[in-house]
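Trainee: Take this sequence and fold it.
(6 chains)
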There are 6 protein chains.
Amino acid sequence: MRPSGRRPDQMRSVSFEPGFSKHAEGSCLVRFGDTHVLVTASLEERVPPFLRNSGRGWVTAEYGMLPRATGDRMRREASAGKQSGRTQEIQRLIGRSLRAVVDLEAMGERQVSVDCDVIQADGGTRTASITGAWVALHQCFSWMKEREMIKEIPLKDHVAAISCGIYQGTGVSDLDYAEDSTADTDANFVMTGSGGIVEIQGTAEGDPFTETQFNELMGLAKASIRDLVEMQKQAVA
Amino acid sequence: MRPSGRRPDQMRSVSFEPGFSKHAEGSCLVRFGDTHVLVTASLEERVPPFLRNSGRGWVTAEYGMLPRATGDRMRREASAGKQSGRTQEIQRLIGRSLRAVVDLEAMGERQVSVDCDVIQADGGTRTASITGAWVALHQCFSWMKEREMIKEIPLKDHVAAISCGIYQGTGVSDLDYAEDSTADTDANFVMTGSGGIVEIQGTAEGDPFTETQFNELMGLAKASIRDLVEMQKQAVA
Amino acid sequence: MRPSGRRPDQMRSVSFEPGFSKHAEGSCLVRFGDTHVLVTASLEERVPPFLRNSGRGWVTAEYGMLPRATGDRMRREASAGKQSGRTQEIQRLIGRSLRAVVDLEAMGERQVSVDCDVIQADGGTRTASITGAWVALHQCFSWMKEREMIKEIPLKDHVAAISCGIYQGTGVSDLDYAEDSTADTDANFVMTGSGGIVEIQGTAEGDPFTETQFNELMGLAKASIRDLVEMQKQAVA
Amino acid sequence: MRPSGRRPDQMRSVSFEPGFSKHAEGSCLVRFGDTHVLVTASLEERVPPFLRNSGRGWVTAEYGMLPRATGDRMRREASAGKQSGRTQEIQRLIGRSLRAVVDLEAMGERQVSVDCDVIQADGGTRTASITGAWVALHQCFSWMKEREMIKEIPLKDHVAAISCGIYQGTGVSDLDYAEDSTADTDANFVMTGSGGIVEIQGTAEGDPFTETQFNELMGLAKASIRDLVEMQKQAVA
Amino acid sequence: MRPSGRRPDQMRSVSFEPGFSKHAEGSCLVRFGDTHVLVTASLEERVPPFLRNSGRGWVTAEYGMLPRATGDRMRREASAGKQSGRTQEIQRLIGRSLRAVVDLEAMGERQVSVDCDVIQADGGTRTASITGAWVALHQCFSWMKEREMIKEIPLKDHVAAISCGIYQGTGVSDLDYAEDSTADTDANFVMTGSGGIVEIQGTAEGDPFTETQFNELMGLAKASIRDLVEMQKQAVA
Amino acid sequence: MRPSGRRPDQMRSVSFEPGFSKHAEGSCLVRFGDTHVLVTASLEERVPPFLRNSGRGWVTAEYGMLPRATGDRMRREASAGKQSGRTQEIQRLIGRSLRAVVDLEAMGERQVSVDCDVIQADGGTRTASITGAWVALHQCFSWMKEREMIKEIPLKDHVAAISCGIYQGTGVSDLDYAEDSTADTDANFVMTGSGGIVEIQGTAEGDPFTETQFNELMGLAKASIRDLVEMQKQAVA
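Mentor: I've put the predicted structure just below:
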C-alpha cells in the first residue's frame, strides 16, 4: 500500500546520535529513515534586545538544507541572498515548539541557538528537526548544569513532532517524500510528552478534508509522538 | 468577559465593500471590526515559469501592512529591504487557501495576483484577508466572464477563515488584538462553503492545549465560517 | 479641452479626512479627485544619530504605493527588496517640504515619522501627500500639546503643493494621470501659506520649455496653493 | 564676499578634457574648480526591454563618488549594498537631461551608458556631470559616425547645467562647497544651447524664498549656461 | 612539538567516503582528522550563458560552513543575506582547481555543480574540500559514463591540496586549527597527480617569510599531495 | 615577443603622483603603463569592534573599478548591490599586504581606510594598488606626524607587488592585459623592501606549471620589486 511497505501507523526507523558535533554544547544527528538532520545547540551569553536585563533567557532556531539534500539540487540560500518563505516558516515553527517546553526564567539571561541542517531529505524534515532538537537542547542544558550554570535542566516536558497525511484515502503516519508529494492532506503535529498540543498545521493539498479525517490524523500523531518521546528518553539516558 | 463585551461565539461586525478600487479587475475592502484590509485582484496575462504552455492558470497572493496600521509604528518592509518571515507565512497561506477553491484549468493560462494590504489592524488580519480575497477574486472572474474570456466563474466553492482562541479559559471566536495578545491558544481555520477544511494552524502561545479545547475551537470556527460565507454570498449578489 | 472638462486653473475636488487612522497620533486621508493618499504621523521618542543630545527634533517621511493603486499592477517594493529611485526621490521631497515649516527646536528631541501611502493613484500623488501630510502633522502636534508635551504647535506656517503643466500648449493646474502622461512639461511647486517657495521641480518631458511658460505655471501654482491652504485651515479648525 | 573671492556671476575655472579614457567610445574629464568628474560614454548594442524592436535608442546615466572625493570619507556604495537616494536622484536627472537633446530615433536601436564618477568634489557635482556628459556623448556619437553607424550626430542641441543660490542675501552662480553648505537657497538649472529649460530644481534649505529671488537665480543661470555652451563648442571643435 | 603530537611531515588521518549522499550523482564525505566536509557533485543540463552552444561543459563550486562547524557559532550566511569574502574566495579556488584537470570539451555541454559543505571544522577546510571534490567528481563522471552520456571519464589527472605552514619555526604539513591560528606563515598548495602546480597561495600572518622557508613548505606539500593522490586512487578503485 | 615590445624582465613605465587628492590625508595616483589607480588613505578616529580599547590601530582597504575602466563596460557594483568575489578577494589582499609592514601598536587606536579605485585598467590592477597604497599610507602617516599624533612613521618596511607570468613559454614581469588574458600562468608576488615575502598567489590558467617555472617567476618578481621599492623611496623623499 505505502511505497515503503510500511503499515499505516508505522514510522520509519528513527535514531538519535547525541554529541555528534565536536564543538557544540549540545548536538544530535537525528534520522527518520533517509531524512537526516544535524542539530546543534549553541550557548551564547547574550539575549535578543527585548529581553535585556529581564533575567529571562531565549531559545531560537535556524533551519537550512544543503543544496543537494534533495533529489534535484536547490539553489544555496546564502548565494541567493535570502532565506525562502518556507525556510523562515520552518525555523519559526521549530523555535516556538522548543520554547513551549523550556523554562525561560530558569535558564538565566542567555540564548541557545538551535541550528537544524538537513544533510539529506526524504520528507518530514521539520518534524525530525523538532524531535532531534529536543535531544540537542537537553544535552546543552546538561552541559550547563555540569558547569553549575543552572541548578536543574530547565525543560518542563518533552516535545516531539510527526507529519501524518491522507495517502490514497488512508491516514498514515510519518510521510516520506514519495507519500508527501502525492498526499491529499498533510498535517504536522507538535506535542509534549504529557500529550499536550503545541502546534497543529494541517493543509489540504488538493481537495479539502473533513473533520473525521483530521481526527484520524490526530490519533495517529498521538501514538507516534508517544513512541518518539520514549526514544528521546533513551537517547538522553 | 471579552474586552469588547462580545459573546464567546460572536464575531465582530463584518462588512465587504466590493469594487473599492478604481483600477483593479476585482477588489474588496473588508472590515472585521477595526481590522480593515484592502484586497485587489489583478489579472495578468502571464503565469509562473512552471506553468508555461500548460493551459493552466495560477492565483498568487501578497500581503502587506501599512507601517502605522498597528499601535506602534512598524518598520516599512520596502525600506527594510525584505519581507519578514511572518509576512511570507501569511501570503503563502492566503495563496494556498484561494487556490483550494479555484478551478485553475478553467481560468486559462493567466495569473490573478491578489494583494491584501492592511490599512488598519486589530487582530485577525490574515483571516479577514482570506475572507475578503474570495470576494475580490469573484469580482475579477466576473469581469473576465463579462468580456467572454471565460465561460463560467472558475470557483468551485466559497472559502473563508476565522481565528478562534482560548481566552481566559473560554473558547471564543474572531479574536481581536486585545484578546489575541493575551490568549493562551490561537488557531486559524480556513474552510469552504460546504464545510471542508482547507487549513488549520493552531499554536499554543503559553501552555499546550488539549484535544478537547481544540475541538471546541473547531466548533466555533465552523459556525462563524458558515456565517461569513452567507455574507460573501450577499456581497457578490 | 482637459480630459476631465476642468478649466485650466481648476483643481480637482480636494478633501481632507483628519483622524482617519485609529492608532496614529495624527492622520489624514487626502483626496485630490481619484488620487487618494493615507497619511499617518507617528510620534517616536528617538531622533536620528546626528541629533542625539541636541535638544532638536526631526520630521521624516516615507512614501509607498499599494501595488494596484495604478492602472497596471506594479511590483511590490517590499518583495522586490528595495525602494525605487522614484520612491526615494518623493519621500526625500516630502520630508524636506515639511521640515521647512516645522520649528524643530520647539518640538523637542523627538521624531515624527510621516507615512504617505497611496491607496489609489490618478496623478499628483507627491503633491497630495505633502498637502495632506501638513494636516496629519498638525493633528499629531495637537495630540502632543493636549498632553502638555509641547507648549505651542511648532508649525511656523502652512505648506502645500500642486503640480502644474503645459497640456496641449496651455498651462493647467493639478494634472491628473491622463494629462500628466502626455504633458510636455510638468512642474511641482511646494509653497508656504505666506507665499514663500519651498521647492520647485520643473521637467521638460519632451521639448524644453521657455521662461514665459514656466512663469505661467508658477502663477497657476500660487493661486492653487492659496486655495489648498484655505482648505487645510478648515480641516484643522 | 564669496569665500573664493569670485564675483556673484563668476563661475569657477571650467575645463574639459575629452578623450581622457583609453577604452571608452566617448569620455571627458570635466573640472569646475576643484570639482573633477570623469565621464565615460559606452556604446552598447542592446536597449532596455521596453524599446526592443522599436528602432529607437536610449541614453542612460549612472553616477558615483569615490569614497574620499569629499572632505570626510563616505561609505562606498558597492560595499553598503545599495545606492543612496541622493545618488539615484542625480543619475535620473543626468539621464533625463541628456535625453532631452538626443534624437533617440536617429541613433538607432542602441544604448549609450554614461558614467559620471566624481574623482574630487567641491560642490556642483551634478551640474558638472551634465555639462561634461554632453561632451563625452558628442565624442561617442562622433566615434559612431566615423564608423558609419550613423549618418549625423544625433544631438539636437547642447545641454549644460549650473547651480546658483542665495549666499548671504546675494544671488551667486556656480556654488562651491563652502557656499553650498551654508546657502539659504540652492537651485540647479539645466538648459539647452538655444536657451530652452530642461530641468529646474530649487530648494529652500532654510527659509522659503521669493519669486523675485528665484528669478534672479534664473538670470544668473542663463548667463552661465551660455558661457558653458561656448566652452563645450570649443571642446568638441 | 605539534599540539597533536604529529611529526612535521605527518598529515592527519585522512579518509574518503564516496557515495555518502543518496541523491547526488557523485558525493564524498572527506575527513582530514576532525575536519569533515561533505562534497556533492550535481549534474545539470545547462551551462553558464558564456558557454551556450559552445559544446563545452563547466564545473563550478560552492562552499559553505554549518554555523556551528566551528568553536564559536558563526552567523548563517543565508540569514546574513550574503556570502563572506572568505567564502567566495574559497569557492572560486575550488572551482579553478577542479577545472584544471577536467576536459571540459569531453564532458559535453553540461554543468557539474560541486557543493562543499563543512560539517565540522578543524583547519584546512579548503584543501580537504578540493581533495574530496575530486573523488565526488570522479563518481559523478562514472555515473554519466554508465549511462553512456560520455565515453570516457573526462579527468586529465588527479588534483589534491594541502595546507603547510611555519609553526614555531618549523615547516609542518596539514595544519590543524590549533596550528593554523598561531602559525607565522600559511600556504595552500594545489597540485596534480603528475606533480604539476595548479595553485599556490602563501600568506605571511605575522613577519614576512623567506624564499628558503617557502621552498621547505613546497617540499612538504609535494610529499603530502603524492600520498593524498594515492588515497584518492584507492577511494575510486 | 611581448605585445608591447618589452624585454621579459622589463616593467612598464611606472609613476607615482603623491598628494593627488585635495581632501585625503594621504593619496597617490599610481600608473603602471595604462593601468591607473587612484589610492587615498583616510584617517578615521575609530577602529573595528575587536580592537576597541586595545590601544592598537588598523589598516583596511577597499577596491573598486570605474565601470568603463576596462575594454567592455562592467556593471557598477553599487548598482548591482554587491561586490563581486574578485573585488573582495583583491581588497582583502591589499589590506593584509599593508598590515604586514605597519606597526599597528605605534599608530595608536585609529584606522586608516585605504581606497584603491581603478580609473583605467590594463592588467595588474591589484599589484599597482598595493604598490601605490604604500606611498599614500606613508603620506597619511607623515600628515599625522606633522600634527604630533604619532612620534615616528609606523612603517616597518616598504611593501610592493608585481604580477609575473609565463607568456608563450617565457617568464615575463609586469603582465599587461594583452599578456594576462593569454598567459598560461599568472602569479602575484607581494614583498617587502628587505626581500621578505608577504603574499604569493600563483594560478595555472591552463596547464599546471612546474616548480622550475615558478622559481623563474619568483626571480623576476624579486628584481622588479627591488626597483619598485627604489621608486617608492624617491616618491616620498
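Trainee: can you count the residues close to residue A:231?
Mentor: Here the number of neighbours of residue A:231 (other C-beta atoms under 10 Å in any protein chain shown) works out to 16. No exception for glycine: its C-beta is placed from N, CA and C like everyone else's.
Trainee: got it, and residue A:127?
Mentor: Neighbour tally, residue A:127, other C-beta under 10 Å: 29.
Trainee: Next, the nearest residue to residue A:174 once chain neighbours are set aside: phi, psi?
Mentor: In space, and not counting its chain neighbours, residue A:174 is closest to residue A:11: 4.1 Å by C-beta to C-beta, 6 or more residues apart in numbering or on different chains. Main-chain torsions, residue A:11, degrees, to the nearest 10: phi -80, psi 170.
Trainee: Which residues lie in contact with residue A:11 in this structure?
Mentor: By C-beta atoms under 8 Å, 6 or more residues apart in numbering or on different chains, the contact list for residue A:11 reads A:32, A:162, A:173-174, A:224, A:227-228.
Trainee: Now do the same contact list for the residue of chain A most remote from its centre.
Mentor: Distance from the centre of chain A peaks at residue A:53, with 29.8 Å (C-alpha atoms, centre = their mean). When contacts are counted by C-beta under 8 Å, 6+ apart, residue A:53 touches residue A:109.
Trainee: hmm, back to that, is it possible to mark the buried ones in the contacts of residue A:11?
Mentor: Among those, those scoring as buried are A:32, A:162, A:173-174, A:224, A:228 (criterion: 16 or more other C-beta atoms under 10 Å in any protein chain shown).
Trainee: what's the neighbour count on the one residue in chain A that gets nearest to chain D?
Mentor: Closest contact between chain A and chain D, by C-beta to the nearest C-beta, is at residue A:81 (9.7 Å). Residue neighbour count, defined by other C-beta under 10 Å, stands at 18 for residue A:81.
Trainee: same deal with residue A:148?
Mentor: That count, for residue A:148 with other C-beta under 10 Å as the rule, works out to 7.
Trainee: For it, give its distance to chain C.
Mentor: 40 Å (C-beta to the nearest C-beta, to the nearest Å).
Trainee: Name the SS class of that residue, please.
Mentor: Of the three states, residue A:148 takes coil under DSSP: H, G, I helix; E, B strand; the rest coil.
Trainee: For it, list the residues it contacts.
Mentor: By C-beta under 8 Å, 6+ apart, residue A:148 has no neighbours at all.
Trainee: ok, which stretches of chain A are strands?
Mentor: A:14-18, A:26-32, A:35-44, A:58-65, A:111-120, A:159-167, A:170-173, A:185-192, A:197-204 (DSSP state E).
Trainee: Model confidence at the spatially closest residue to residue A:52 that is not a sequence neighbour, what's the number?
Mentor: Leaving aside its sequence neighbours, residue A:52 sits nearest to residue A:109 (C-beta to C-beta, 6+ apart; 7.8 Å). As predicted, residue A:109 sits at a pLDDT of 96.
Trainee: and residue A:109, how many neighbours does it have?
Mentor: Per other C-beta under 10 Å, the neighbour tally for residue A:109 reads 17.
Trainee: Also residue A:101?
Mentor: The burial count for residue A:101: 23, using other C-beta under 10 Å.
Trainee: who touches the residue in chain A that chain F sits nearest to in this structure?
Mentor: With C-beta to the nearest C-beta, the shortest gap between chain A and chain F falls at residue A:81, namely 7.9 Å. By C-beta under 8 Å, 6+ apart, the contact set of residue A:81 is E:81-82, F:82.
Trainee: The lengthiest helix in chain A: how far from the chain's middle?
Mentor: The single longest helix within chain A, with elements called by DSSP state H, is helix A:211-236. Distance, stretch centre to chain centre, for helix A:211-236: 13 Å (C-alpha atoms, centre = their mean, to the nearest Å).
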